[in-house]
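S.K.: below is the structure, and that's it, no one-letter string:
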């Protein structure tokens, strides 16, 4: 596979901008109108995701044979949209048509053959993962909203109960779809460890301009139904035998997966008497958004747990003030700790930089990023998609 030719030609198409993604979807919908209902009504964000995800695949094309995990996850997740084997050739034909249109004379038979081979390899990996997933899990899980607690104008806590067991680990995330926004999935993280009654807590903070978070935060009522995609992500989960010291740094509702890990460790401590030392910093802009303050303050009674709230923009707050990453980084020498960081992209980037600046080994810092332009497959991460 000529990766240089693939990457160079893709770079030329990317320079065209939105016109290329618009051409792709126009070609796809005109040649296969039956697939239009698989997509959101508003396509602007979808078009961006397609190109950023494909760009990531092409940039890493040499490593796909040895590390296909990103494509495998894409294949599994496409099941919830109803993607079947017949859809892959349709998408491939529209991709090649787009490349041919914008590359013009540079679209040679040799380059076309390279792209056909590359797309075929990508589709094969995704399809195989989807087919394997069919043997073990449904395309989505249906769930009922059982409780709603609106903490503030920005933050709502939801409890949902899945109709069937939902096999996730504390620290993972999943895509959520609400009836008001069909085919528009956004990632959220359970804020609890798995429970026998199949209930899951979701911490929802309204994203300005978002399509899903306002519906979840403002309009959900007990009895409403939502859908959950398969659980994803392993960077914020802990192995059962993990015993090393933990630093947790959360921004806003990025607290959710870290709280789930704390609950899991508390369950472990209650049964075995053992748990690693944990220091959790939760940063918000204003004091009222320390929405889980009572629970975390209560957890301070545990000998292994310390909770440190941080407020950045409220001059009346008498506790720790500043950006949570800076406060955490400068409070202690974290050598030997594993850091789990979760929040907005900006918060994660800043916190990681601060921890590294003050001496923590970058390899000891773990965070998720489900955006398609990331180097891996956080709180409020964006949808990971290829052509869908």
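M.R.: Okay, I see it. Only a predicted model underlies this, so the values are computations on that prediction, with no experimental measurement involved.

S.K.: so which residues of the stretch 51-200 of the chain form helices?
M.R.: 69-77, 87-103, 109-134 (DSSP state H, counting those that start in this stretch).

S.K.: report the buried residues of the shortest one.
M.R.: Same thing as helix 69-77. In terms of neighbour count (16 or more other CB atoms under 10 Å), helix 69-77 has its buried residues at 70, 71, 72, 73, 74, 75, 76, 77. C-beta coordinates here come from the backbone N, C-alpha and C atoms, glycine included.

S.K.: in the stretch 101-250 of the chain, which spans are strands?
M.R.: 141-150, 155-162, 174-177, 186-188, 199-205, 225-228, 246-251 (DSSP state E, counting those that start in this stretch).

S.K.: and the fifth one, what does it pack onto?
M.R.: The one in question is strand 199-205. Contact partners of strand 199-205 among helices and strands, from 3 or more CB pairs under 8 Å, 6 or more residues apart in numbering; DSSP states H and E: strand 155-162, strand 186-188, helix 255-272.

S.K.: now swap in the second one and tell me
M.R.: When contacts are defined as 3+ CB pairs under 8 Å, 6+ apart, strand 155-162 sits against strand 141-150, strand 199-205, strand 225-228.

S.K.: what's the closest non-adjacent residue to residue 20?
M.R.: residue 13 (5.1 Å; CB to CB, 6 or more residues apart in numbering).

S.K.: kindly report the same for residue 23.
M.R.: residue 98 (5.1 Å).

S.K.: would you agree the one you found is in contact with residue 25?
M.R.: No. Using CB atoms under 8 Å, residue 98 is not in contact with residue 25, being 9.3 Å away.

S.K.: when those two are compared, which one has more neighbours?
M.R.: Set residue 98 next to residue 25 and count neighbours by other CB atoms under 10 Å: residue 98 wins out with 22 against 19.

S.K.: returning to that earlier point: residue contacts, the residue nearest to residue 23?
M.R.: Counting by CB atoms under 8 Å, 6 or more residues apart in numbering, residue 98 makes contact with 13, 20, 23, 24, 27.

S.K.: if you set the cut-off to 10 Å instead, what comes out?
M.R.: Residues in contact with residue 98 (CB atoms under 10 Å, 6 or more residues apart in numbering) are 13, 16, 19, 20, 21, 22, 23, 24, 25, 26, 27, 28.

S.K.: how about residue 162?
M.R.: Applying CB under 10 Å, 6+ apart, the residues contacting residue 162 are 141, 142, 143, 144, 168, 198, 199, 200, 226, 227, 228.

S.K.: show me what contacts the fourth one?
M.R.: Under the criterion of CB under 10 Å, 6+ apart, the neighbours of residue 144 are 159, 160, 161, 162, 163, 199, 222, 223, 224, 225, 226.

S.K.: in the protein, which helix or strand is least confident?
M.R.: Lowest on mean pLDDT, DSSP states H and E among the helices and strands of the chain sits helix 44-59, with a mean of 75.

S.K.: and residue 308, which of the helices and strands packed on strand 155-162 is closest to it?
M.R.: Nearest to residue 308, of all the helices and strands packed on strand 155-162, is strand 199-205, at 18.6 Å by CB to CB.

S.K.: just for the stretch 1-150 of the chain, where's the confidence low?
M.R.: 40-48 (pLDDT under 70).

S.K.: on that earlier part again, ok, which of the helices of the stretch 51-200 of the chain comes nearest residue 329?
M.R.: Closest among the helices of the stretch 51-200 of the chain, using CB to CB: helix 69-77, at 30.2 Å.

S.K.: chain center to that closest one: distance?
M.R.: Distance, stretch centre to chain centre, for helix 69-77: 13 Å (CA atoms, centre = their mean, to the nearest Å).
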